[in-house]
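Visitor: generate a structure from the sequence data that follows.
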Amino acid sequence: MRLTLSSFERLTLVNQYRILAAVSTSDREYYTRLADNLEAGHTWLYRDFPHLQEELSDSTCRHVLDILQLYELLQASYRDLADKDGIAEREVAFDGFDGNNESEMLSFAQALIEDHRYVDVLGETAVNSHGRTTEVYERMLAGWRAMGEPHDLLSASQIKQILAERIHPVHR
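Guide: You can find the predicted model right below:
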């Protein structure tokens, strides 16, 4: 991430890093070096600011929340079904996000857990699917939206219809 800092922002960070250097026992040199580079205006040395990730877009946040909302509905509907024939509990379990290709979504899911949101869907730790999931979830969301985005409990046939969207159309 390329940062552009005002003189005031640089001065504020210099002071914070000097304080951290003064109280740190193990990272004193690191904080001093950061403060020195910021103070001297060595932009190239701090342009990729440590530990600061790109902001997550509203659309990505909304996408993750939509996915979790759908899985929350699928799971609640499954629990309420009297006849679960043809639907395995595992099928309505959230598969997670890929740590390599969807790491920002995986990180957001973990932050939601820590904020005590969607814990029933996500569990105690965000799951790394070890494979891309975005396209699968997009098809499932499209199927749910085609039904009119019902928020009441789904029927078994509606659950099956949404779950069928996991399979790529080419392989159906």
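
Visitor: and the nearest residue to E135 once chain neighbours are set aside, how close does it get to R139?
Guide: Using Cβ to Cβ, 6 or more residues apart in numbering and skipping the chain neighbours, the partner closest in space to E135 is H168 (7.7 Å). C-beta here means a position set from N, CA and C on the backbone, and glycine is covered the same way. For H168, the distance to R139 equals 8 Å [Cβ to Cβ, to the nearest Å].

Visitor: who has more neighbours, those two?
Guide: Taking neighbours as other Cβ atoms under 10 Å, H168 and R139 compare with R139 leading, 17 against 10.

Visitor: tell me the SS of W144?
Guide: For W144, the secondary structure call by DSSP: H, G, I helix; E, B strand; the rest coil comes out as helix.

Visitor: which residues does it contact?
Guide: By Cβ atoms under 8 Å, 6 or more residues apart in numbering, the contact set of W144 is L70, L73, P150, I162.

Visitor: for this protein, which spans come out with low pLDDT?
Guide: 1-3, 47-52, 172 (pLDDT under 70).

Visitor: in it, where's the longest helix?
Guide: helix 58-80 (DSSP state H).

Visitor: and it, what does it pack against?
Guide: Applying 3 or more Cβ pairs under 8 Å, 6 or more residues apart in numbering; DSSP states H and E, we find helix 58-80 packed against helix 103-114, helix 119-122, helix 134-146, helix 156-164.

Visitor: for D85, which of the ones you listed is the nearest?
Guide: Among these, helix 156-164 comes nearest to D85, with 7.6 Å by Cβ to Cβ.
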